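[1] structural data only, the sequence is not supplied:
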């Protein structure tokens, strides 16, 4: 079993839809949970960052963490064509004194106008 | 957040040659990370680079194949040595939570 599982999609939705992106993980030692957005031919950019169970909201984006179920989600409200990108979940743990990130494979999202 | 300039953005190289990728950060960062991104695969950490010490490599990656330099807190290079077509991939550096834009490498 991989440490982080993410459905690669692709996911195609109409503009204005609510999008739900999900990852599961197996390692209880993960401390921080992140979502990155990666546009085509660009590097990933950090969208959301959280460390505790519960919800964190930032504009149209909500990150949800459920540590008991080892499950994280990213919700996008009122999705826009500019949200079309690949979304990567990432989780961090400290190993040998340094922080290591473990990524999911990414979910490719297309928002159709 | 930091801004990272990564060069080159893409290259096509002959097998058996080497390519050096550079990353310049606009602010000092303690650690820089080098990743490989292959189609359909997760971002995979190659190594962690601290200034003034040898890089720490992840399982499956060795210094002879991927030598790294970290001369100061704003700059790092990754060399892909003795390349083969299997090395064709996107290589990314990271400082803090910021990634470079990536280097798309094709080995022919």
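    Received, thanks. This is a predicted model, so every value here is computed, not measured. Numbers count the residues shown, from 1 in each chain, chains lettered A, B, ... in the order given.

[2] in chain A, which strand is the longest?
    If you go by DSSP state E, chain A has its longest strand at strand A:85-95.

[3] now that strand: buried residues?
    A:85-92 (16 or more other CB atoms under 10 Å in any protein chain shown). Placement of C-beta: from N, CA and C, glycine included.

[4] find the nearest non-adjacent residue to the closest residue to chain B within chain A, please.
    Nearest residue of chain A to chain B, counting by CB to the nearest CB: residue A:43, 3.4 Å away. Once flanking residues are discounted, residue A:43 sits nearest to residue B:99: 3.4 Å by CB to CB, 6 or more residues apart in numbering or on different chains.

[5] flag every residue of chain A that's near chain B.
    A:2, A:4, A:8, A:34, A:36, A:41-46, A:49, A:88, A:90, A:96, A:98, A:100-106 (CB under 8 Å from any CB of the partner chain).

[6] circling back to that earlier point, burial count for the residue of chain A closest to chain B?
    20 (other CB atoms under 10 Å in any protein chain shown).

[7] returning to that earlier point: what's the burial count for the residue nearest to residue A:43?
    For residue B:99, using other CB under 10 Å, the count is 25.

[8] again with residue B:13
    The burial count for residue B:13: 16, using other CB under 10 Å.

[9] ok, it touching residue B:83?
    Yes. If you go by CB atoms under 8 Å, residue B:13 and residue B:83 touch, sitting 5.6 Å apart.

[10] overlap in contacts of the two?
    B:19, B:105, B:107 (CB atoms under 8 Å, 6 or more residues apart in numbering or on different chains).

[11] about what we covered before: that's a helix at the residue of chain A closest to chain B, yeah?
    No. Counting by DSSP: H, G, I helix; E, B strand; the rest coil, residue A:43 is not found in a helix; it is coil.

[12] you'd agree residue B:69 is up against residue B:76?
    Yes. Between residue B:69 and residue B:76 a contact is recorded at 6.6 Å, counting by CB under 8 Å.

[13] could you name every residue contacting both of those two?
    The contact lists of residue B:69 and residue B:76 share residue B:49, where a contact means CB under 8 Å, 6+ apart.
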